[in-house]
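>>> Provided below for reference: sequence and predicted model.
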Amino acid sequence: MAMEHPTPAPAEPPTGPQALPASALQTPPGALADCVRAFFWRDLGRQPHHTPADTRVPPSPYPGIIWITRGTAQLVECAGTATAAALPAITLSGAHRHPYHSISSRDGDSFCLAFQPGALGLLTGQDLAPLTDRITDAVTWLPEEWHPFLAAVHTAPDHGARQALCVDFLTPRWAAVADQHAAWLQVLHQAWQRGARQALASTLDWTPRHLQRRTRQLTGLRPGEIERMLRAEHALLAMRDGNAGALDAALRHGYADRAHFSREARALFERPPAALKAHTQRPGDDADWLLRRS
């Protein structure tokens, strides 16, 4: 099964900060589709005062870098427990088995780069397992060669420029990674399904145990956890973008029945499928942001 991405296809960003929407989800150019899940920004200062200032991210296999370019943000829930911690100006989030929840100041403005499962580990050579269910300072965690890039994105004049900086930095690096790790990309293309994982292990002459260990290093999650999260996301996107009913989406994406799909949606996104579809179509609501439209 091919990876599903938000729609519409990416366009050249407009020039000037006021030409950009206050909140947007953008797909990457084709050369980065296997590396970047999405670019996302949110400028509360340009949105109506009643716009919710909180962001709730469901369990997700996507690590990400978040630049807080204006205002502040407070982490209030992480790893399944309440917390109270200021987010760093340049934040790194790992894969999450639990939702995490943050609240921004009313003038808050942020830009996020979300990576596909395994991409950040392949790009940096780092073990991402210790980052699972964690939020940390990106400058402290990421390699020193990334530091000028992190700073440039933070000080860029607008989110269009930030997106362009990410594309320029990642494109040559990802091209080199893709050449070296083509077998891993086949697993991504098939949404980490069991058959694709078995084919990868066979190709690399790995035991299932070694594949499990290597996957946790690259992604922070077990292979089956990634498959579960992607399956639920893709089924919900089929409802949102293809207007599929819950039963059709469930059967198309490998669930035993509608009830099975509903249990998984509730477990991961805290709502049944129909409620999630309505939730993602409400203008101005940025919770569960990967399910919203561009």
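Received the coordinates, thanks.

>>> what's next to the longest helix along the chain, contact-wise?
Determined from DSSP state H, the single longest helix within the chain is helix 159-180. Helix 159-180 is contacted from outside by 13-15, 17, 19-20, 24, 26, 28-29, 31-32, 34-36, 39, 41, 43, 67, 69, 111, 113, 119, 122-123, 149, 152-153, 156, 185, using CB atoms under 8 Å, 6 or more residues apart in numbering. No exception for glycine: its C-beta is placed from N, CA and C like everyone else's.

>>> Emit the PyMOL select command for whichever of those are buried.
Only the buried entries of these go into this PyMOL selection, using 16 or more other CB atoms under 10 Å:
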select buried, resi 13+20+24+26+28+32+34+35+36+39+41+43+67+69+111+113+119+122+123+149+153+156+185
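
>>> Please flag which of the contacts of helix 159-180 sit within strands.
If you go by DSSP state E, the contacts of helix 159-180 have Ala24, Gln26, Val36, Phe39, Trp41, Asp43, Trp67, Thr69, Phe111, Leu113 in strands.

>>> Could you single out the nearest of these to Leu204?
For these, the closest approach to Leu204 (CB to CB) belongs to Val36, at 24.5 Å.

>>> hey, what's that closest one bridged with?
Phe115 (DSSP bridges).

>>> Does it touch Leu120 like I think?
No: applying CB atoms under 8 Å as the test, Val36 and Leu120 come out as separate, 10.0 Å apart.

>>> May I see the buried residues of the longest helix of the chain?
For helix 159-180, by 16+ other CB under 10 Å, it's 159-163, 165-167, 169-170, 173-174, 177-178.

>>> mind giving me the domain ranges of this structure?
17-179, 223-280 (automatic domain parsing).

>>> Export the ones you listed to JSON lines and append columns for distance to Asp205.
Listed next are those as JSON lines, based on distance: least, CB to CB, whole Å:
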{"stretch": "domain 17-179", "distance to Asp205": "19"}
{"stretch": "domain 223-280", "distance to Asp205": "17"}
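
>>> between those, which gets the lowest average pLDDT?
Least confident of those, judged by mean pLDDT, is domain 223-280 with a mean of 89.

>>> Would you enumerate the residues in contact with the residue nearest to Pro28 when sequence neighbours are not counted?
Nearest non-adjacent residue to Pro28, counting by CB to CB, 6 or more residues apart in numbering: Val36, 3.9 Å away. By CB under 8 Å, 6+ apart, the contact list for Val36 reads Pro28, Leu113, Ala114, Phe115, Gln116, Ala119, Cys166, Leu170.

>>> hmm, 7 Å instead?
Pro28, Leu113, Ala114, Phe115, Gln116, Leu170 (CB atoms under 7 Å, 6 or more residues apart in numbering).

>>> ditto for Pro88
Neighbours of Pro88 in contact, by CB under 7 Å, 6+ apart: Asp137, Ala138.

>>> and stretch 67-85, which residues are buried?
Buried residues in stretch 67-85 (16+ other CB under 10 Å): Trp67, Ile68, Thr69, Gly71, Ala73, Gln74, Leu75, Glu77, Cys78.

>>> Kindly report the same for stretch 240-248.
Arg240, Ala244, Ala246.

>>> which residues in the chain form helices?
So, for the chain - with DSSP H - the helices run 119-124, 138-141, 147-155, 159-180, 182-189, 194-204, 208-219, 223-242, 246-252, 258-269, 273-280.

>>> Format these as JSON lines; extra columns: distance to Ile90.
Below are the helices of the chain laid out as JSON lines (distance: least, CB to CB, whole Å):
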{"stretch": "helix 119-124", "distance to Ile90": "14"}
{"stretch": "helix 138-141", "distance to Ile90": "4"}
{"stretch": "helix 147-155", "distance to Ile90": "5"}
{"stretch": "helix 159-180", "distance to Ile90": "12"}
{"stretch": "helix 182-189", "distance to Ile90": "26"}
{"stretch": "helix 194-204", "distance to Ile90": "33"}
{"stretch": "helix 208-219", "distance to Ile90": "22"}
{"stretch": "helix 223-242", "distance to Ile90": "25"}
{"stretch": "helix 246-252", "distance to Ile90": "37"}
{"stretch": "helix 258-269", "distance to Ile90": "27"}
{"stretch": "helix 273-280", "distance to Ile90": "28"}
